[in-house]
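Engineer: coordinates only, no sequence provided:
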């Protein structure tokens, strides 16, 4: 496989080219998890991969925490689908495969 083919495949798999996801929940579910340095960057990354997401849609999803939730790992914001997170008694959180 050539380097250019690998590049295109990675961009397609990340939903940055080709068929975008319909909404923010689908993006996070497709990628399993996303990390960002801040909330604005997280919203921008979601918007790059969707066709219909608006700022208010993403804000609502984060605030509800039902479909996309914020998990703080070190200084990064990690977005995951709620079913992919497990909380431990010591307060730590781990992502489920």
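Structural biologist: The structure has been received and is ready for your questions. Model, not experiment: these values are computed from the prediction.
Engineer: buried sites along the host helix or strand of residue 27?
Structural biologist: Using DSSP states H and E, the element containing residue 27 is helix 24-31. By neighbour count on 16 or more other CB atoms under 10 Å, the buried set for helix 24-31 is 24, 25, 26, 27, 28, 29, 31. (Glycine included, C-beta is placed from N, CA and C.)
Engineer: what is it packed up against?
Structural biologist: When contacts are defined as 3 or more CB pairs under 8 Å, 6 or more residues apart in numbering; DSSP states H and E, helix 24-31 packs onto helix 39-47, helix 55-64.
Engineer: which one of those helices lies nearest to residue 11?
Structural biologist: Among the helices and strands packed on helix 24-31, helix 39-47 comes nearest to residue 11, with 13.6 Å by CB to CB.
Engineer: check the offset of the closest one from the chain's centre.
Structural biologist: Using CA atoms, centre = their mean, to the nearest Å, the mean C-alpha position of helix 39-47 is found 9 Å from that of the whole chain.
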